[in-house]
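Colleague: just to be clear, the model below is a prediction. Sequence and coordinates:
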Amino acid sequence: QVQLVESGGGLVQAGGSLRLSCAASGRTFSNYAMGWFRQAPGKEREFVARISRSGGATLYADSAKGRFTITRDNAKNTVYLQMNSLKPEDTAVYYCAASLTTVQTKARGAYDYWGQGTQVTVSS
């Protein structure tokens, strides 16, 4: 089992920034690729970003490219999502997830463990 706890969400004005964190415990963190997803009210959960086990490879949704950056610190068992130039359409609950799959993928089914989510609200 891997336990994931997100933090760092909140209310921010359009154009602002937030940094989400996800702390992992349980199994060896560096054995898992990590991803961020988000879910807005009435919509399906969608992929945002993914980082490989070593941190050497990343994958982004088109909506996140150029604005969001995913990083990880394996010594701290933590993955981060730096979000800049936020837009009202970025408003959602953001979830981190852990994946044993080594192939970089956006597929939700490739993730084995999920956090409880953190709310991000961007006002216009």
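Modeller: Cool, got the structure.

Colleague: next, give phi and psi for the residue nearest the centre of the chain.
Modeller: For the chain, Trp36 is the residue whose C-alpha lies nearest the centre (C-alpha atoms, centre = their mean; 2.2 Å). Here is the backbone geometry of Trp36 (degrees, to the nearest 10): phi -120, psi 140.

Colleague: check it and give its pLDDT.
Modeller: Trp36 is assigned 98 on the pLDDT scale.

Colleague: please enumerate the strands of this structure.
Modeller: Listed in chain order, the strands of the chain (DSSP state E) span 2-7, 10-13, 18-26, 33-39, 46-51, 58-60, 68-73, 78-83, 92-99, 113-114, 118-123.

Colleague: I'd like those strands as JSON lines, with distance to Thr105 appended.
Modeller: The way it works is simple: take the backbone N, C-alpha and C, and place the C-beta from them, glycine included. Output for these, formatted as JSON lines (distance: least, C-beta to C-beta, whole Å):
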{"stretch": "strand 2-7", "distance to Thr105": "18"}
{"stretch": "strand 10-13", "distance to Thr105": "29"}
{"stretch": "strand 18-26", "distance to Thr105": "18"}
{"stretch": "strand 33-39", "distance to Thr105": "9"}
{"stretch": "strand 46-51", "distance to Thr105": "7"}
{"stretch": "strand 58-60", "distance to Thr105": "8"}
{"stretch": "strand 68-73", "distance to Thr105": "14"}
{"stretch": "strand 78-83", "distance to Thr105": "16"}
{"stretch": "strand 92-99", "distance to Thr105": "8"}
{"stretch": "strand 113-114", "distance to Thr105": "16"}
{"stretch": "strand 118-123", "distance to Thr105": "23"}
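
Colleague: nearest to Lys106, out of those?
Modeller: strand 46-51 (4.0 Å; C-beta to C-beta).

Colleague: which secondary structure elements does the closest one contact?
Modeller: When contacts are defined as 3 or more C-beta pairs under 8 Å, 6 or more residues apart in numbering; DSSP states H and E, strand 46-51 packs onto strand 33-39, strand 58-60, strand 68-73, strand 78-83.

Colleague: give the pairing partners of the first one; include direction for each.
Modeller: By that I understand strand 33-39. Using DSSP bridges, strand 33-39 pairs in its sheet with strand 46-51 (antiparallel), strand 92-99 (antiparallel).
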